[in-house]
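Student: 3D model of this:
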Amino acid sequence: MKKIRTSFEHFFITKHLLKWAIISIPVAAVIGSIVALFLWLLERATEIRWQHSWLLFLLPLAGIFIYFSYKWSGKNAEGGNNLIVDEIHKPGGGVPFRMAPLVLATTVITHFFGGSAGREGTAIQIGGSIASFFARKFNLSKDDIRILLMMGIAAGFGSVFGTPLTGAIFALEVLTVGKINHNALLPCLMASVVANIACKSWGIEHTQYAIAFKDVIKAFGVIHFDVLLLLKVILGGVCFGLAGYLFSELSHTIKNYSNKLIKIKWLIPFTGGCIIIALTYILGTDSYLGLGVTNLNPNSVSIATCFTTGGAGYFSWFWKLLFTAITLSMGFKGGEVTPLFFIGAALGNAVAQVTGAPVDLMAGLGFIAVFAGATNTPVACTIMGVELFGGEYLIYFAIACFTAYYFSGHTGIYGTQRIGAPKAQDLLHHNNKTLHEVRDKRINNKKNGTF
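Tutor: Sure thing, here's the model as predicted:
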């Protein structure tokens, strides 16, 4: 039997791929269509909030509504992206279907009232939830359920940002720090591409970004970079990695202390909403509310302005980091990635101001590299740079993302990620542990005075 299988291996490979091609088309088409609805609702919610700034004052009440929505009907859907990653590592209770409508509605509510959040986490949860639903209908095995959940992540991510190749690689890379899972290579790519096509077929347009540094690069001759600029990119990569580390740690810390200090749980999002309102009026700007991709006010900071000289202040990145960490750690819903794009682009703008590097190039590098550090996905983010900005900057994308990956340490926004290859030989004892376990161990060591 083994000999027959070996002799006809291409037959079995073809059968395997055909099976997943047939499964991926309906699953990805549904995910891409729901993501299109989500993006349309998000855009409408943002436009209405811009027209009615007083909606921000209702953010604390919106937080209470979100809390009770999950308390009464959420069950384990509260686990979000970490639940999906955990289910792929250890299939158990499954990903509930209710996660998709709940996270879609509560993310739109968060944005409608001015919370600082993103959209990728929501798209991934929609993808994981729909994929799990189809897995139950198809009566798949545990191994096939893992592949289908990864396809759900790829479809959700690829369609929400219009980056299908990045979506596929992200789904394979995000599960284990330092290792890429090849089991679902082509199924993830098929799902991401189909979902992206489905999303765009509903008329969804993704934001276009550009780096106008091409002509200057050519001026240096055949080699597309110079040593001084290379050093500036490495310095930027270190800063981007530390920003990813700060965001992850601050988010976990705010969440832990909120739960510890505020005994009445519905008061946590209420308090978070009040803090966001207070910070908005103390700083005198609405730049750090919502997605932050663009802003009607020409004096505001947004991702788009970060690509221009003077488009962000030295600490714009920190304020967006603080607003988002408070919003998401105190009970509101949404993703972290678009805020991480903002944080990275603004930090890149600041690094460029200090070092004299091209502003748009550094903003673009920060855009992808802070995300790479906070999610431990340097390969996916390097590819994202190519899909968004073009391939001529590939070497800079790789240097910034890989450097940020190392300097973000063993931390990240997805605590259930497992460490498959530690970032240094002296850290081999972290192998096979989750980021949650590593963080808990580090905190206990500090409390006990041991290192």
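
Student: Low-confidence regions, this structure specifically.
Tutor: Residues of the chain that meet the criterion pLDDT under 70 lie in 1-7, 74, 76-77, 214-225, 449-451.

Student: Would you state the helices of the stretch 301-450 of the chain in chain order?
Tutor: Along the stretch 301-450 of the chain, the stretches classed as helices by DSSP state H, counting those that start in this stretch are 316-329, 337-355, 359-375, 378-389, 394-407, 435-448.

Student: now swap in the stretch 151-300 of the chain and tell me
Tutor: Using DSSP H, counting those that start in this stretch, the helices of the stretch 151-300 of the chain run over residues 164-173, 185-201, 214-218, 227-261, 267-283.

Student: highest average neighbour count across these?
Tutor: Neighbour counts averaged per stretch over those are highest for helix 164-173, at a mean of 27; criterion: mean count of other C-beta atoms under 10 Å. Where C-beta positions appear, they are placed from N, C-alpha and C, glycine not excepted.

Student: Can you spell out which helices and strands pack onto it?
Tutor: For helix 164-173, the helices and strands in contact under the criterion 3 or more C-beta pairs under 8 Å, 6 or more residues apart in numbering; DSSP states H and E are helix 142-161, helix 185-201, helix 378-389.

Student: Using JSON lines, please lay out those helices together with distance to Arg136.
Tutor: JSON lines is the format used below for those (distance: least, C-beta to C-beta, whole Å):
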{"stretch": "helix 142-161", "distance to Arg136": "9"}
{"stretch": "helix 185-201", "distance to Arg136": "17"}
{"stretch": "helix 378-389", "distance to Arg136": "28"}
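
Student: Looking at the ones you listed, which is nearest to Thr271?
Tutor: Closest approach to Thr271 among the helices and strands packed on helix 164-173 is made by helix 142-161 (29.6 Å; C-beta to C-beta).

Student: Summarise which helices and strands the closest one is packed against.
Tutor: Of the remaining helices and strands, those touching helix 142-161 by 3+ C-beta pairs under 8 Å, 6+ apart are helix 9-51, helix 80-89, helix 120-138, helix 164-173, helix 185-201.

Student: For Phe341, which of the helices of the stretch 151-300 of the chain is the nearest?
Tutor: Taking C-beta to C-beta as the criterion, Phe341 comes closest to helix 227-261 out of the helices of the stretch 151-300 of the chain, the separation being 11.5 Å.

Student: Roughly how far does Leu347 sit from Lys255?
Tutor: As judged by C-beta to C-beta, to the nearest Å, Leu347 and Lys255 stand 23 Å apart.

Student: I meant to write Ala350 there.
Tutor: Ala350 sits 27 Å away from Lys255, taking C-beta to C-beta as the criterion.

Student: go on, Leu102?
Tutor: Per C-beta to C-beta, Leu102 is found 19 Å from Lys255.

Student: so can I have a markdown table of the helices and strands packed on helix 142-161 showing distance to Ile264?
Tutor: A markdown table is the format used below for those (distance: least, C-beta to C-beta, whole Å):
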| stretch | distance to Ile264 |
| --- | --- |
| helix 9-51 | 28 |
| helix 80-89 | 22 |
| helix 120-138 | 26 |
| helix 164-173 | 38 |
| helix 185-201 | 40 |
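
Student: which of those helices is buried the deepest?
Tutor: Greatest average neighbour count among those goes to helix 164-173 (a mean of 27), per mean count of other C-beta under 10 Å.

Student: can you give me the offset of it from its chain's centre?
Tutor: The chain centroid and the centroid of helix 164-173 are separated by 12 Å, computed with C-alpha atoms, centre = their mean, to the nearest Å.

Student: List the residues that contact Leu185.
Tutor: Contact analysis of Leu185 by C-beta atoms under 8 Å, 6 or more residues apart in numbering lists 168, 172.

Student: Kindly report the same for Gly412.
Tutor: So Gly412 contacts 177, 244, 248, 374-376, 435 (C-beta under 8 Å, 6+ apart).

Student: Filter the residues you listed down to the buried ones, ChimeraX style.
Tutor: Of those, the buried ones can be selected in ChimeraX as follows, counting by 16 or more other C-beta atoms under 10 Å:
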select :177,244,248,374,375,376,435
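
Student: okay, the contacts of Gly412 in CSV with distance to Thr416 next?
Tutor: Putting these into CSV (distance: C-beta to C-beta, whole Å) gives the following:
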residue, distance to Thr416
Val177, 11
Gly244, 17
Ser248, 13
Ala374, 15
Thr375, 12
Asn376, 12
Leu435, 7
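
Student: Out of the contacts of Gly412, which is nearest to Phe112?
Tutor: Distance from Phe112 was checked for each of the contacts of Gly412 by C-beta to C-beta. The minimum falls on Ala374, at 25.5 Å.

Student: I'd say that closest one and Leu246 touch.
Tutor: No: the criterion here is C-beta atoms under 8 Å, and Ala374 misses it with Leu246 at 9.3 Å.

Student: In contact with the residue most central in space within the chain, which residues are there?
Tutor: Most central in the chain under C-alpha atoms, centre = their mean is Val337, positioned 3.3 Å from the mean C-alpha point. By C-beta under 8 Å, 6+ apart, Val337 lies in contact with 118-121, 161, 371, 375.

Student: hmm, 6 Å instead?
Tutor: Contact criterion C-beta atoms under 6 Å, 6 or more residues apart in numbering gives 118, 120, 371 as the residues in contact with Val337.

Student: So which of these is the closest to Ile262?
Tutor: Distances from those to Ile262 were compared by C-beta to C-beta; the smallest belongs to Gly118, at 24.4 Å.
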